[in-house]
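A.B. asks: what's the 3D shape of this:
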Amino acid sequence: MMELDETTSPRALEPRLTRRRALEDKYHKGWPVYGRGDFLLWKDRLTAALLKATLKISGLYDRGVANALRPVVRHLRLEFAELPPHLSGFRILHLSDLHVDGIEGLAEILVDQVSDLPVDLCVMTGDYRFKIEGPCHAVYPRMRRIVDSIRARHGVVGILGNHDCADIAVKLEEVGVRMLINEAVAAGAPDHRLWVIGVDDPHYYGCDDLAGALDGVPDDAFKLLLAHTPEMFGAAAEAGIDLYLTGHTHAGQICLPWLGPLVSHATCPRQYTYGHWQHGRMQGYTTAGAGCSLLPVRFHCPPEICVIELASAAYSHSRIERMGARGHGVV
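C.D. replies: Purely as a prediction, here's the structure:
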């Protein structure tokens, strides 16, 4: 474990990426507890091709692209019965599933929005590139602009997603993101710590190691888990996690009126695939994400940026206060 304000070199990061690099070399995603394996790779390509053709023929494709460029800023206030007093009011900017090279103009829009959001900490829960394979050169300059625009008092912490390769972790550390590969970091002043635990992708790669990431974290600390998918909710609750932030599902990305998302993209109950949820004493939030997967389109499911404020239940009787969303409507 390292303090967030310490410097981690790419060389020091490499040992933690060994397993991920080995799987990438074999182009094999494995069949772990939560993962879904190589089957999804060719199925996703087929789905994207058929869906794009359908939207083009129906004349809806351009509308879907326009919707994808209208992210909203969603503010939430989450209350915890055992929140340390010094963390009451702590604000977290949560960004996920940016897929910044998937649609032109998105990075610039996100820069404008996050620059107006002063927070205590920014966390990123994976999927920085659009495709699952191929070069990432278009990702890095866009991510640099976004990271440079973030106004987070205690810095930026990130994890890898199922679309990402190990090289992305190295490059993001170079631009100022503290990448957590099955490890934890303490954010804040020495006597006012928020412990952030980050696991590698459990969905395709199966490289997650929650027990290892928690090694050395004080039992009585407030624990924030970053995991790319919500599928670890059971194991996280058993491990004593207080707040679980995640993405991956895009909240469906393409949703039908009254019926909701066509697919959930995660092997867990639907209640965990979007929005605020609770499992035992642990709370979680699954964001709709800021970008798009498969196709750069959105319908009835706007992309989002989340600002989460921690609050002590001792000072308020309301359980959760949704403070609204700011942005353009999506149809």
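
A.B. asks: quick check: mean pLDDT across stretch 190-200?
C.D. replies: Averaging pLDDT along stretch 190-200 yields 89.

A.B. asks: List the contacts of residue 171.
C.D. replies: 136, 139, 140, 143 (Cβ atoms under 8 Å, 6 or more residues apart in numbering). Every C-beta, even on glycine, is put in place using the N, C-alpha and C of the backbone.

A.B. asks: Which stretches in the stretch 51-200 of the chain count as strands?
C.D. replies: With strands called from DSSP state E, counting those that start in this stretch, the stretch 51-200 of the chain shows them at 72-80, 91-95, 121-124, 156-158, 177-179, 183-187, 194-198.

A.B. asks: mind putting the contacts of residue 171 in a markdown table, neighbour count included?
C.D. replies: Listed next are the contacts of residue 171 as a markdown table, based on neighbours: other Cβ atoms under 10 Å:
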| residue | neighbour count |
| --- | --- |
| 136 | 18 |
| 139 | 26 |
| 140 | 19 |
| 143 | 25 |
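
A.B. asks: now, among those, which is nearest to residue 64?
C.D. replies: residue 139 (22.2 Å; Cβ to Cβ).

A.B. asks: Give me the residues contacting stretch 133-143.
C.D. replies: With Cβ under 8 Å, 6+ apart, stretch 133-143 has contacts from 27, 98, 100-101, 107, 128-129, 165, 167-168, 171-172, 175.

A.B. asks: can you pull the contacts of residue 219?
C.D. replies: residue 240.

A.B. asks: which element is it on?
C.D. replies: Using DSSP states H and E, no element contains residue 219; it sits outside every helix and strand.

A.B. asks: likewise residue 208?
C.D. replies: Judged by DSSP H and E, residue 208 forms part of no helix or strand.

A.B. asks: burial of it, as a residue count?
C.D. replies: Using other Cβ atoms under 10 Å, residue 208 has 26 other residues around it.

A.B. asks: Begin at 23, not 1, for the rest of this chat.
C.D. replies: Sounds good: first residue 23 from here, last item residue 230.

A.B. asks: rewinding a little: buried only: go through the contacts of stretch 155-165 for me.
C.D. replies: Buried by 16 or more other Cβ atoms under 10 Å: 120, 122, 123, 129, 150, 151, 187, 189, 190, 193, 194, out of the contacts of stretch 155-165.

A.B. asks: State the pLDDT value of the fifth one.
C.D. replies: Meaning residue 150. Model confidence at residue 150, given as pLDDT, is 98.

A.B. asks: Please apply the same query to the second one.
C.D. replies: The confidence metric pLDDT takes the value 97 at residue 122.

A.B. asks: Just the closest of the contacts of stretch 155-165 to residue 245, please.
C.D. replies: residue 194 (22.8 Å).

A.B. asks: Could you verify my assumption that that closest one touches residue 182?
C.D. replies: No. Using Cβ atoms under 8 Å, residue 194 is not in contact with residue 182, being 9.1 Å away.

A.B. asks: any common contacting residues for the two?
C.D. replies: Common neighbours of residue 194 and residue 182 (Cβ under 8 Å, 6+ apart) are residue 201.

A.B. asks: which non-adjacent residue is nearest the residue nearest the centre of the chain?
C.D. replies: The chain has residue 147 as the residue nearest its centroid, 2.5 Å off, counting by Cα atoms, centre = their mean. Distances taken as Cβ to Cβ, 6 or more residues apart in numbering place residue 118 nearest to residue 147, at 4.1 Å, with adjacent residues excluded.

A.B. asks: That neighbour contacts residue 146, correct?
C.D. replies: Yes. Contact criterion Cβ under 8 Å: residue 118 and residue 146 qualify, at 6.7 Å.

A.B. asks: any weak-confidence spans in the stretch 223-353 of the chain?
C.D. replies: 337-353 (pLDDT under 70).

A.B. asks: At which residues are the helices of it located?
C.D. replies: Remark: helices assigned in the stretch 223-353 of the chain by DSSP state H, counting those that start in this stretch are 232-236, 255-260.

A.B. asks: Pull the most distant pair out of the contacts of residue 193.
C.D. replies: Longest span within the contacts of residue 193, Cβ to Cβ: 158 and 165, 9.6 Å.
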